[in-house]
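this one's structure only:
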DNA sequence: TCTCGTTATATTTCCACAAACATAACGAAG
DNA sequence: CTTCGTTATGTTTGTGGAAATATAACGAGA
């Protein structure tokens, strides 16, 4: 394979993995990172800021996740002394763990295929 | 996992695989199908028509492939009684075979992960 | 030398989607 | 009853990339 490619350019194998519903995407690497940030920071707005994403976009993603899940994956609270916040529920944490694992296996697959390409 | 999803909606795992260069994408499932059509039909314009793609887009993709390859993957000819045409070179055919194989292994991976999701 | 189907290439138009912007509601605490 | 940071939601603006449009060149064959 590599003998087909221009030797003065560097190429790499890449890929994406996601779970899609009838209308919307359900889960992907971006949503995974968002959930991880929400879990770590306790708020959608802080997570958005940390990821350099607009709050609206982050909220829309969380909303899409919750709409497609049997039970809320992120539970939110408005108002209060600290303005409110968001927590990743037990179900959300389960999703994070399982998708992380799948993503890790995918990256192993990519690494193996990359190896194959070099031969 | 499936216990997290709304039971009234149908979800499926999906993914994409591609080889990227420094500036452009080099290879992916779309380019694979284009090469297969060019090989079968002997012309970029017929391949484009068959795929319901504009000729310009198809030509741009072929051009991108050729630019990034050490040797032409698609060889073209203008003019002549039939107007010209395009053939997938031996190198192009090798690329098709290798990417097909990789894509098949990826689909096997997806199937295995899909199995895992259902449990 | 005219035709025809194709390759080759530039320019313009269009549009889906993201980003940006705006505003209301919420509720604990002081 | 005001403040503050957050959630919640609608509207407007911007833009990258695809699609559409246009045109030239090519060369075998009639």
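Cool, the structure landed. From a predicted model like this one, the values you see are computed outputs, not experimental measurements.

So the helix or strand residue A:108 falls within, near chain B or not?
Assigned by DSSP states H and E, residue A:108 belongs to helix A:90-118. Yes - shown here: helix A:90-118 in contact with chain B (CB under 8 Å from any CB of the partner chain) through A:91, A:94, A:95, A:98, A:102, A:105, A:106, A:109, A:113, A:116, A:117. All C-beta spots, glycine's among them, are computed from the backbone N, C-alpha and C.

So which elements touch that helix?
Counting contacts by 3 or more CB pairs under 8 Å, 6 or more residues apart in numbering or on different chains; DSSP states H and E, helix A:90-118 packs against strand A:12-20, helix A:29-41, strand B:12-20, helix B:90-118.

out of the ones you listed, which comes closest to residue B:56?
helix B:90-118 (20.2 Å; CB to CB).

Is there proximity between that closest one and DNA strand C?
No - against DNA strand C, helix B:90-118 shows no contacts by CB under 7 Å from any atom of the strand, the least distance being 13.5 Å.

Now do the same for that helix: mean pLDDT, whole number.
Computed over helix B:90-118, the mean pLDDT rounds to 98.

buried ones in that helix?
Going by neighbour count (16 or more other CB atoms under 10 Å in any protein chain shown), the buried part of helix B:90-118 is B:91, B:92, B:95, B:96, B:99, B:102, B:103, B:106, B:109, B:110, B:113, B:117.

Surely the first one and residue B:69 touch.
I take that to be residue B:91. Yes - in this structure, residue B:91 is within contact of residue B:69 by CB atoms under 8 Å, at 6.8 Å.

Just give me the residue right at the centre of chain A.
residue A:32 (2.3 Å; CA atoms, centre = their mean).

Wait, residue A:78 touches residue A:59, no?
No - if you go by CB under 8 Å, residue A:78 and residue A:59 don't touch, sitting 11.8 Å apart.

Contact partners for the nearest residue to residue A:117 once chain neighbours are set aside?
Counting by CB to CB, 6 or more residues apart in numbering or on different chains, residue A:1 is the residue found nearest to residue A:117 once chain neighbours are left out, at 5.0 Å. Counting by CB atoms under 8 Å, 6 or more residues apart in numbering or on different chains, residue A:1 makes contact with A:116, A:117, A:119, B:94, B:95, B:98.

go with 10 Å
A:11, A:13, A:116-119, B:19, B:27, B:94-95, B:97-99, B:102 (CB atoms under 10 Å, 6 or more residues apart in numbering or on different chains).

Among those residues, pick out the one closest to DNA strand C, please.
For the contacts of residue A:1, the residue nearest DNA strand C by CB to the nearest atom of the strand is residue B:95; the value is 17.6 Å.

Up against DNA strand C, what does chain A have?
A:53, A:54, A:56, A:57, A:78, A:79, A:80, A:81, A:83, A:84.

Filter those residues down to the ones in strands?
A:78, A:84 (DSSP state E).

Was I right to think residue A:112 contacts residue A:118?
No - here residue A:112 does not reach residue A:118: they are 11.2 Å apart, not a contact under CB atoms under 10 Å.

so how far is residue B:21 from residue A:6?
Distance, residue A:6 to residue B:21, by CB to CB, to the nearest Å: 8 Å.

anything in contact with each of those two?
B:67, B:68.

Neighbour count: those two, which is higher?
More crowded of residue A:6 and residue B:21, by other CB atoms under 10 Å in any protein chain shown: residue B:21, with 17 against 14.
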